[in-house]
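Student: Dropping a prediction and its sequence here:
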Amino acid sequence: MIRAEGIYKSFSDLEVLKGIDFTFEAGKTNLIIGKSGAGKTVLLKILVGLLEATEGHVWYDDRDLCKMSKNALLDLRMEVGMLFQGNALFDSMTVEENIMFPMDMFTNRTYKEKLDQVNFCLERVSMEGINNKYPSEISGGMQKRVGIARAIVLNPRYLFADEPNSGLDPKTAIKIDELLLDITKDKNITTIINTHDMNSVMEIGENICLLHEGRLAWQGHKDEVLESTNETLHDFIFASPFLQRLKDRALSNTPNS
Amino acid sequence: MYYKETVRQMHSIGVGSLMIIFVVSFFIGAVTAVQFIYQLDGTFIPRYYIGYIVRDMSIIELAATFSSIILAGKVGSNIASEIGGMRQKEHIDAMEIMGVNTASYLVLPKIIAALIVIPLLISVAAIISIGGGYIATLYSGSFSSEEFIQGLRSFFEPYNVMMMYIKAVVFAYILTSIACYQGYFVKGGSIELGQASTRAVVYGIIVILIADYIIAVLLTG
Ligand SMILES: Nc1ncnc2c1ncn2[C@@H]1O[C@H](COP(=O)(O)OP(=O)(O)OP(=O)(O)O)[C@@H](O)[C@H]1O
Ligand SMILES: [Mg+2]
């Protein structure tokens, strides 16, 4: 469980987040959604501690991120995996070296043990056999998967993904979503995903946090989206006329209307 | 981990810059010789001074300063854009998440590599520069090899060589640390990256020249 408590964040005179309170639950896929520029990435980076909030606290279960000592923070880092918006795979390293990197940093395992774990993770993301390729030699979707493999290599308790399926075709995008959902259920971890992809919201939105103008505009489960009367949510979800029509159709087909 | 990265940096700074240092030093030495021959004409300065002047000019000033200015351009812009690119592509954030102290992991190997390799490059530069002076002197037709070599062996001050190495170390530190700083704190996109790498070069050169003056005042006073 990760809890954001009264998070404010400004960059010089630009107020990006204006008091966010939200609990990201363990064993669920928690989604942060919102328009481009709503502050999703900023919130995610505050949650992992890459950015410092102007005000507020972030709790990892009972640990306060802002009050952690250097060593405690390093221990926490071992339990955190993150997929970045642009993958952030190191281009001077092969896929294998990229996935090994966290193990090199945090563990004293032998090469053989590390290799087994790398292969296990690659299999998990259906990318076996690309160990010796460089990131520039594989496609964007493959890079995403390798990024996920790197994020889960240490069996994290907390998994962060910044737009895991942006720029992917719908099929691959759904596969990535399913993968994230699987991993979450498998190990009962706290997964936080930034997205503005409607499919993801409706497929894996178990605990949704909608950001709008720096505030929490709506929260809930994907099944509550259709029934909700929240305007910001509707503006956001049914932005396209196509979806708008689909929704009207769906509502008029329900038996008691 | 640091070791591997340091070796990679040494290779990139050293081998990557050898050629340009060769060419530039050769001509700097040659030009020094030609200019001195021109000024020597019709004076009562002993002719063998040619070797002495080329040697000391190279060791005291030209090798260290010229090489460092060139390296500030080549290595400085390279470092700034490498680190800046990593910042922009979130590589630095990714490393932080994986428990790397990025400030030291990215900066330290580069500074250590520079502190080892740049003095070596500058030694090479001094030798090549003297060689360039020698060849230019012979080529001028009015001097003999003996005259140049006699000058080369006169009034030798080991202290000057030490001064060269002090400069080499100080300049190496200046140019890498400025470049790392510019890269590490870059924001925005490719335009800012370009500006940061230009700043790395310009600030690097200016600070090197100021440091050159200060060292000259301190060490020759
Ligand atoms: N380092 C920074 N310095 C100044 N402003 C920033 C910085 N990072 C983000 N911002 C601003 O914060 C706002 C939110 O940015 P953020 O990247 O969180 O958006 P986002 O919701 O992730 O958008 P997208 O869906 O496009 O990724 C933007 O207006 C951006 O300009
Ligand atoms: Mg974003």
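Tutor: Here it is on my side, so go on. Ligands and ions are numbered 1, 2, ... in the order given.

Student: average pLDDT for the lengthiest helix in chain A?
Tutor: In chain A, assigned by DSSP state H, the helix with the most residues is helix A:170-187. Average pLDDT, helix A:170-187: 90.

Student: what residues are up against whichever residue of chain A sits closest to chain B?
Tutor: Residue of chain A nearest chain B, by CB to the nearest CB: A:A88 (3.9 Å). (Glycine included, C-beta is placed from N, CA and C.) The neighbourhood of A:A88, defined by CB atoms under 8 Å, 6 or more residues apart in numbering or on different chains, consists of A:G147, B:K89, B:E90, B:H91, B:D93, B:A94.

Student: Now do the phi/psi pair for it.
Tutor: When read as degrees, to the nearest 10, the backbone of A:A88 gives phi 60, psi 40.

Student: cool, the one 10 residues further on as well?
Tutor: For A:N98, the backbone dihedrals (degrees, to the nearest 10) come out as phi -60, psi -50.

Student: how near is it to A:I130?
Tutor: 11 Å (CB to CB, to the nearest Å).

Student: more crowded one of these two?
Tutor: A:N98 (25 against 16; other CB atoms under 10 Å in any protein chain shown).

Student: so the more buried one makes contact with A:K133?
Tutor: No. At 10.2 Å, A:N98 does not count as touching A:K133 under the criterion of CB atoms under 8 Å.

Student: pLDDT wise, what is the spatially most central residue of chain B at?
Tutor: The residue lying closest to the centre of chain B (CA atoms, centre = their mean) is B:S68, at 2.3 Å. pLDDT for B:S68: 96.

Student: Name the nearest residue to it, ignoring sequence neighbours.
Tutor: Among residues not flanking B:S68 along the chain, B:F171 sits closest, at 3.7 Å (CB to CB, 6 or more residues apart in numbering or on different chains).

Student: roughly how far is stretch B:66-76 from the heart of the chain?
Tutor: 6 Å (CA atoms, centre = their mean, to the nearest Å).

Student: measure it end to end?
Tutor: For stretch B:66-76, the separation between the terminal residues is 14 Å (CA to CA, to the nearest Å).

Student: repeat for stretch A:221-238
Tutor: One end of stretch A:221-238 to the other measures 16 Å (CA to CA).

Student: what's the closest non-adjacent residue to the residue in the stretch 101-250 of chain A that ligand 1 sits nearest to?
Tutor: Nearest residue of the stretch 101-250 of chain A to ligand 1: A:H196, at 5.6 Å (CB to the nearest ligand atom). Nearest non-adjacent residue to A:H196, counting by CB to CB, 6+ apart: A:I33, 6.1 Å away.

Student: Would you list the phi and psi of that neighbour?
Tutor: Phi and psi for A:I33, reported as degrees, to the nearest 10, are phi -120, psi 170.

Student: Measure how buried it is and give me the count.
Tutor: With other CB under 10 Å as criterion, A:I33 counts 25.

Student: Just list the residues touching B:A94, thanks.
Tutor: A:M82, A:F84, A:A88, A:F90.

Student: do you know how far the third one is from B:H91?
Tutor: Distance of A:A88 to B:H91, given as CB to CB: 5 Å.

Student: what do you get for the last one?
Tutor: Relative to B:H91, A:F90 is positioned 6 Å away (criterion: CB to CB).

Student: re earlier: same question for the helix or strand containing the residue nearest to B:S68, mean pLDDT?
Tutor: In this structure, B:F171 sits in helix B:158-184 according to DSSP states H and E. For helix B:158-184, mean pLDDT is 96.

Student: ok, then the element right after it?
Tutor: The helix or strand immediately downstream of helix B:158-184 is helix B:190-220, counting by DSSP H and E.

Student: Does that following helix reach ligand 1?
Tutor: No. Against ligand 1, helix B:190-220 shows no contacts by CB under 6 Å from any ligand atom, the least distance being 11.8 Å.

Student: Kindly calculate the angle that that helix makes with helix B:158-184.
Tutor: Our comparison of helix B:190-220 with helix B:158-184, counting by axes from the mean of the first three to the mean of the last three CA atoms, to 10 degrees, yields an angle of 160 degrees.

Student: now helix B:190-220, how far from the centre of its chain.
Tutor: When C-alpha coordinates are averaged (CA atoms, centre = their mean), helix B:190-220 and its chain have centres 12 Å apart.

Student: For A:I183, which non-adjacent residue is spatially closest?
Tutor: Among residues not flanking A:I183 along the chain, A:I152 sits closest, at 5.9 Å (CB to CB, 6+ apart).

Student: So what's the residue count around the one you found?
Tutor: 24.

Student: got the end-to-end distance for stretch B:137-148?
Tutor: With CA to CA applied, stretch B:137-148 spans 8 Å between its terminal residues.

Student: what sits up against it?
Tutor: With CB under 8 Å, 6+ apart, stretch B:137-148 has contacts from B:A33, B:V34, B:I37, B:R47, B:Y48, B:I50, B:G51, B:V54, B:G133, B:Y134.
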